[in-house]
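Colleague: Model the following, please.
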Amino acid sequence: MYTPQDLKQILSSGLLSFPLTDFDEQGNFRPKTYIERLEWLAPYGASALFAAGGTGEFFSLVPDEYPDIIRTAVETCKGKVPIIAGAGGATRAAIAYAQEAERLGAHGILLMPHYLTEASQDGIAEHVEAVCKSVKFGVIVYNRGVCRLNADMLERLAERCPNLIGFKDGVGEIEAMVTVRRRLGDRFAYLGGLPTAEVYAAAYKALGVPVYSSAVFNFIPKTAMDFYHAIAREDHAAVGKLIDEFFLPYLAIRNRKAGYAVSIVKAGARVVGHDAGPVRTPLTACTEAEHEELAALIKRLGPQ
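Modeller: This is a model prediction of the structure:
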């Protein structure tokens with residue numbers, strides 16, 4: 001088991017990713033292909049994998065199936081790559097998910113937003129603190145949606161919660177991110193977490209946030225790693241080429257419908273022969289024509 005500081009060190013460099021959650025045609029968790037997916041992705045060199053994260057459709061899972069997903073990920077990746085579990089929802093639900101993930105051997109959690117209701121900065125901080133104090137392993141807070149913490153509240157949480165070791169930004173407000181990064185310094189591991197994070201990777205690296213999570217790692221893992229290394233060595237020509245030839249056309253498909261940030265990743269997995277099954281409602285699947293567009297983009301990248 002990693003200590004929170006061990007996890008912080010792991011998250012301070014490298015590429016992260018969120019494996020898709022496999023469902024069968026009835027929409028039930030399909031462990032066989034989920035195991036095959038993890039075994040395929042683990043050797044490519046991601047620093048950590050987030051099981052049942054946003055791309056893994058945490059928001060559509062029910063409590064009864066969550067343990068199977070986390071247990072499967074932990075057992076499959078043991079000795080290969082750390083597993084960070086998704087957790088979220090109302091405070092008591094998030095605590096239950098976090099404690100279950102810890103019991104099952106996950107190395108930490110990504111604390112995703114509570115849902116529906118807005119809340120004050122004090123309320124969000126109390127929510128995060130309650131979850132942190134319910135477990136011993138490391139917690140990364142996901143700054144996104146209705147869960148947006150300012151630098152003042154993060155300072156308060158940093159003092160009260162030694163196991164709060166990561167801040168993942170999914171908002172993209174540069175002034176706020178600069179303020180957090182300068183104010184908190186090395187207290188946290190900082191992660192870029194905007195959808196299709198590659199498009200923002202160079203800008204976030206300039207802000208002092210060189211680590212990000214890649215959704216496309218789910219279907220083009222070699223290219224995802226190549227892009228990360230190009231960003232790290234500031235190879236602007238290689239970065240620009242991939243943005244022009246793959247990521248911008250990819251975004252043109254992704255942006256056609258709300259929720260396609262997940263749907264297009266499942267489409268990509270299907271294209272490359274690692275079908276993860278359907279998305280669950282309220283998400284909708286990409287069309288066959290969009291699958292064909294995506295397949296053409298992937299083919300140009302070459303073998304993975």
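Colleague: Got phi/psi on Thr3?
Modeller: phi -70, psi 160 (degrees, to the nearest 10).
Colleague: let me fix that: Asn143
Modeller: The phi/psi pair for Asn143 (degrees, to the nearest 10) reads phi -80, psi 100.
Colleague: same check, this time on Tyr212
Modeller: phi -150, psi 170.
Colleague: Looks like it contacts Tyr190 (just checking).
Modeller: No. Counting by Cβ atoms under 8 Å, Tyr212 stays clear of Tyr190, with 9.6 Å between them. In this view, the C-beta of every residue, glycine as well, is placed from N, C-alpha and C.
Colleague: which regions of this protein lie under the pLDDT threshold?
Modeller: Nowhere does the chain drop to pLDDT under 70.
Colleague: can you give me the strands in it?
Modeller: With DSSP state E as the criterion, the chain has strands at 15-17, 48-51, 83-87, 108-111, 138-143, 164-169, 189-192, 211-214.
Colleague: Leaving out the residues flanking it, which one is nearest to Ala189?
Modeller: Once flanking residues are discounted, Ala189 sits nearest to Leu11: 3.9 Å by Cβ to Cβ, 6 or more residues apart in numbering.
Colleague: meant to ask about Phe58, not that
Modeller: Spatial nearest neighbour of Phe58, excluding adjacent residues (Cβ to Cβ, 6+ apart): Gly86 at 4.0 Å.
Colleague: How much space separates that neighbour from Val139?
Modeller: Look at Gly86 and Val139: by Cβ to Cβ, to the nearest Å, they are 12 Å apart.
Colleague: and Leu283, what does it touch?
Modeller: Leu283 sits next to Glu57, Ser60, Gly259, Val262, Ser263 when contact means Cβ atoms under 8 Å, 6 or more residues apart in numbering.
Colleague: Was I right to think the last one contacts Val279?
Modeller: Right, Ser263. Yes. Using Cβ under 8 Å, Ser263 is in contact with Val279, at 5.3 Å.
Colleague: joint contacts of those two?
Modeller: Common neighbours of Ser263 and Val279 (criterion: Cβ under 8 Å, 6+ apart): Ala285.
Colleague: Now do the helices in the stretch 51-200 of the chain.
Modeller: Ranges of helices in the stretch 51-200 of the chain, per DSSP state H, counting those that start in this stretch, are 66-77, 91-103, 121-133, 151-160, 174-184.
Colleague: Take those helices and lay them out in a markdown table including distance to Phe29.
Modeller: Output for the helices of the stretch 51-200 of the chain, formatted as a markdown table (distance: least, Cβ to Cβ, whole Å):
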| stretch | distance to Phe29 |
| --- | --- |
| helix 66-77 | 6 |
| helix 91-103 | 15 |
| helix 121-133 | 24 |
| helix 151-160 | 33 |
| helix 174-184 | 35 |
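Colleague: Pro4: which of the ones you listed is closest?
Modeller: Closest to Pro4 of the helices of the stretch 51-200 of the chain is helix 121-133 (Cβ to Cβ; 9.5 Å).
Colleague: For the residue lying closest to Val74 once chain neighbours are set aside, give its distance to Gly185.
Modeller: In space, and not counting its chain neighbours, Val74 is closest to Gly105: 4.5 Å by Cβ to Cβ, 6+ apart. Distance check for Gly105 against Gly185: by Cβ to Cβ, it reads 31 Å.
Colleague: quick one, which of these two is more surrounded?
Modeller: Using other Cβ atoms under 10 Å as the criterion, Gly105 and Gly185 rank with Gly105 on top: 16 against 10.
Colleague: I'd like to check which residues are in contact with that one.
Modeller: Applying Cβ under 8 Å, 6+ apart to Gly105 gives the contacts Met1, Arg71, Val74, Lys78, Ile83.
Colleague: could you redo the helices of the stretch 51-200 of the chain as TSV and give each row distance to Ala224 and mean neighbour count?
Modeller: Shown next, in TSV, are the helices of the stretch 51-200 of the chain (distance: least, Cβ to Cβ, whole Å; neighbours: other Cβ atoms under 10 Å):
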stretch	distance to Ala224	mean neighbour count
helix 66-77	17	20
helix 91-103	25	19
helix 121-133	29	18
helix 151-160	29	16
helix 174-184	22	16
